[in-house]
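A.B. asks: sequence unknown, structure follows:
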């Protein structure tokens, strides 16, 4: 058996022979270079890569992996980029360049929640059998590009409005919106029937809405009709005609549902420190007033505030029928006061009116208005050269400012109202009727502040649909087991 010294000599001999072989390979390579006129051919290998070759291959692999990763991320960003880039709501109607949340891809995430990119949602900890540490299944919301589309349509006495949105982690992003003044309730107050011309205008607008719903591939929707169809004797016949000619199945909702949807759509604008809110929605044929009693809300916010509706009333007066009765083009101070008295007579029917007055005396109750009337007042107050929903929605007005704006519009001639960019010809003959209804509410219940909401029924419909489908649901984790040191039991 060879001793250790002999084994070392043999290893040194093998290394020398290897080095000599490599030297001869280089020499043969140089000979090849000369023979081929400078075209070096790779020496033949035995199939085993060298250490240097392995490192080079690893570097190339890492470069390919990084390029592939960055390329896929860039593709995802392009696919999830909002169509319109906004996070509110926006209509195609210039007077409502909107809430929707256009709002083309845009809060109406309940509307003060921060915008969050769905591509960067926090991933659940993989500790339990169902995905988190307690074994409860998480209801994760799909990314913006994969979530289903929802739609809400509101056919009112004056307007036809559509909103299409996609749910997100904390609200929804509006992807399309539509608004057209159709004046469906024109003449209903006098004749109790929908006129042929008004129905034709509404069906033309609804056909456009049907086209948008089909093009977007909406999966869930709710399509409602309000006061004009409720009050008209041929309202049900008109709904049947709509379905036959446009394929849209509208439902005529009652006044209580309309009031609840208004609360659901505007709840995110309620002051977190308020003890109560007087929410009003001045429509074309009716006006809803809701008292939210929040003295025991225990921190509830957003959609949860619909549970705190203490009382509500629906007045059978709106901007269309009130203007038809008293006139809306040339409004003198006497005519304006007559409109205020007309609306005030219906407020006497509000139950718990004295309790509401007592709650207001605490000083922590504010008004929240959702209608074209208050958004117009806010736009004129801000001196906007063009209506801007982003500046109007959520604006606070002091009570003295509201009174001053009502006086300013009342003294404004019809031609000046038409030329005002926040009023326009479509609303010039209706805005003072809305101001008269608001003035009647202010005189009955005086609050120090009013918040303006450029959102309403459509946002409420979307919120209720998505909440019912559980798109924002999270199962509450049970009590944590085994935390801390075990306690000694007696």
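C.D. replies: That came through fine. Since this is a predicted model, take the numbers as computed values, not measurements.

A.B. asks: For stretch 311-329, measure first residue to last.
C.D. replies: 35 Å (C-alpha to C-alpha, to the nearest Å).

A.B. asks: Can you pull the domain assignment for the chain?
C.D. replies: As given by automatic domain parsing, the domain ranges for the chain are 94-113+125-252, 268-459.

A.B. asks: What's the end-to-end length of stretch 183-192?
C.D. replies: Stretch 183-192 end-to-end distance (C-alpha to C-alpha) = 14 Å.

A.B. asks: Show me what counts as buried in that stretch.
C.D. replies: By 16 or more other C-beta atoms under 10 Å, the buried positions in stretch 183-192 come out as 183, 184, 185, 186, 187, 188, 189. Just so you know, the C-beta spots here come from the backbone N, C-alpha and C atoms, and that holds for glycine as well.

A.B. asks: would you say residue 201 is within a helix?
C.D. replies: Yes: assessed by DSSP: H, G, I helix; E, B strand; the rest coil, residue 201 belongs to a helix.

A.B. asks: what separates the residue lying closest to it once chain neighbours are set aside from residue 189, distance-wise?
C.D. replies: Residue nearest to residue 201 in three dimensions, not counting chain neighbours: residue 182, with 4.4 Å by C-beta to C-beta, 6 or more residues apart in numbering. Going from residue 182 to residue 189 by C-beta to C-beta, to the nearest Å gives 16 Å.

A.B. asks: one step back: nearest to residue 391 among the buried residues of stretch 183-192?
C.D. replies: Checking the buried residues of stretch 183-192 against residue 391 with C-beta to C-beta, the nearest one is residue 183 at 27.5 Å.

A.B. asks: Just name the shakiest helix or strand of the chain by mean pLDDT.
C.D. replies: Lowest on mean pLDDT, DSSP states H and E among the helices and strands of the chain sits helix 4-35, with a mean of 51.

A.B. asks: thinking again about what came up before, possible to save the domains of the chain as CSV with distance to residue 51?
C.D. replies: As requested, the domains of the chain are exported to CSV (distance: least, C-beta to C-beta, whole Å):
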stretch, distance to residue 51
domain 94-113+125-252, 38
domain 268-459, 62
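
A.B. asks: Nearest to residue 472 among those domains would be which one?
C.D. replies: So among these, domain 94-113+125-252 is nearest, using C-beta to C-beta, at 7.2 Å.

A.B. asks: what separates that closest one from the chain centre, distance-wise?
C.D. replies: Domain 94-113+125-252 sits 12 Å away from the centroid of its parent chain (C-alpha atoms, centre = their mean, to the nearest Å).

A.B. asks: Over to stretch 306-325?
C.D. replies: 25 Å.

A.B. asks: Enumerate the positions of it that are buried.
C.D. replies: For stretch 306-325, using 16+ other C-beta under 10 Å, the buried residues are 306, 308-310, 312-315, 317-324.

A.B. asks: Out of those residues, which sit inside strands?
C.D. replies: Among the buried residues of stretch 306-325, the ones falling in strands (DSSP state E) are 309, 310, 312, 313, 314, 315.

A.B. asks: of all those residues, which two lie farthest apart?
C.D. replies: Applying C-beta to C-beta across those, the maximum distance is between 310 and 315, 17.6 Å.

A.B. asks: Which one of the domains of the chain has the poorest average confidence?
C.D. replies: Per-stretch mean pLDDT for the domains of the chain is lowest at domain 94-113+125-252 (a mean of 79).

A.B. asks: can you give me the helices for the stretch 101-250 of the chain?
C.D. replies: Using DSSP state H, counting those that start in this stretch, the helices of the stretch 101-250 of the chain run over residues 188-191, 196-216, 227-231, 235-246.

A.B. asks: in the last one, what counts as buried?
C.D. replies: Going by neighbour count (16+ other C-beta under 10 Å), the buried part of helix 235-246 is 235, 238, 239, 242, 246.

A.B. asks: Just to check, the first one is in contact with residue 199?
C.D. replies: Think residue 235. No: the criterion here is C-beta atoms under 8 Å, and residue 235 misses it with residue 199 at 10.3 Å.

A.B. asks: Contact partners for the residue nearest to residue 201?
C.D. replies: Residues near residue 182 by C-beta atoms under 8 Å, 6 or more residues apart in numbering: 155, 158, 159, 160, 198, 201, 202, 204, 205.

A.B. asks: Please convert the buried members of those residues into PyMOL selection syntax.
C.D. replies: Applied in PyMOL, the following selects the buried portion of these according to 16+ other C-beta under 10 Å:
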select buried, resi 155+158+159+160+198+201+202+205
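
A.B. asks: okay, now residue 473: neighbour count?
C.D. replies: 11 (other C-beta atoms under 10 Å).

A.B. asks: What residues does residue 273 make contact with?
C.D. replies: residue 364.

A.B. asks: hmm, 10 Å instead?
C.D. replies: Listed by C-beta atoms under 10 Å, 6 or more residues apart in numbering, the contact set of residue 273 reads 294, 364, 366.

A.B. asks: Mind putting those into JSON lines with neighbour count?
C.D. replies: Formatted as JSON lines, those follow (neighbours: other C-beta atoms under 10 Å):
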{"residue": "294", "neighbour count": "22"}
{"residue": "364", "neighbour count": "17"}
{"residue": "366", "neighbour count": "23"}
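
A.B. asks: coming back round to it: can I get the buried residues of stretch 183-192 in JSON lines with distance to residue 355?
C.D. replies: JSON lines is the format used below for these (distance: C-beta to C-beta, whole Å):
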{"residue": "183", "distance to residue 355": "38"}
{"residue": "184", "distance to residue 355": "36"}
{"residue": "185", "distance to residue 355": "33"}
{"residue": "186", "distance to residue 355": "38"}
{"residue": "187", "distance to residue 355": "39"}
{"residue": "188", "distance to residue 355": "34"}
{"residue": "189", "distance to residue 355": "32"}
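
A.B. asks: Specify which member of those residues is nearest to residue 381.
C.D. replies: Among the buried residues of stretch 183-192, and counting by C-beta to C-beta, the member closest to residue 381 is residue 183, at 26.4 Å.

A.B. asks: I figured the closest one hits residue 284, correct?
C.D. replies: Yes: if you go by C-beta atoms under 10 Å, residue 183 and residue 284 touch, sitting 7.7 Å apart.

A.B. asks: Common neighbours of the two, please.
C.D. replies: In contact with both residue 183 and residue 284: 156, 157, 158, 159, 228, 320, 430, using C-beta under 10 Å, 6+ apart.

A.B. asks: Max pairwise distance over these: which two?
C.D. replies: 228 and 430 (14.2 Å).

A.B. asks: which one of those two has more residues nearby?
C.D. replies: Neighbour count, other C-beta under 10 Å: between residue 228 and residue 430, residue 228 has more, with 31 against 25.

A.B. asks: Can you give me the distance of that one to residue 417?
C.D. replies: 24 Å.

A.B. asks: cool, residue 309 as well?
C.D. replies: Counting by C-beta to C-beta - residue 309 and residue 417 are separated by 35 Å.

A.B. asks: same question, residue 432
C.D. replies: In terms of C-beta to C-beta, residue 432 sits 8 Å off from residue 417.

A.B. asks: picking that back up, now tabulate the helices of the stretch 101-250 of the chain in TSV and tack on distance to residue 52.
C.D. replies: Formatted as TSV, these follow (distance: least, C-beta to C-beta, whole Å):
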stretch	distance to residue 52
helix 188-191	88
helix 196-216	58
helix 227-231	82
helix 235-246	73
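
A.B. asks: between those, which gets nearest to residue 405?
C.D. replies: helix 227-231 (25.8 Å).
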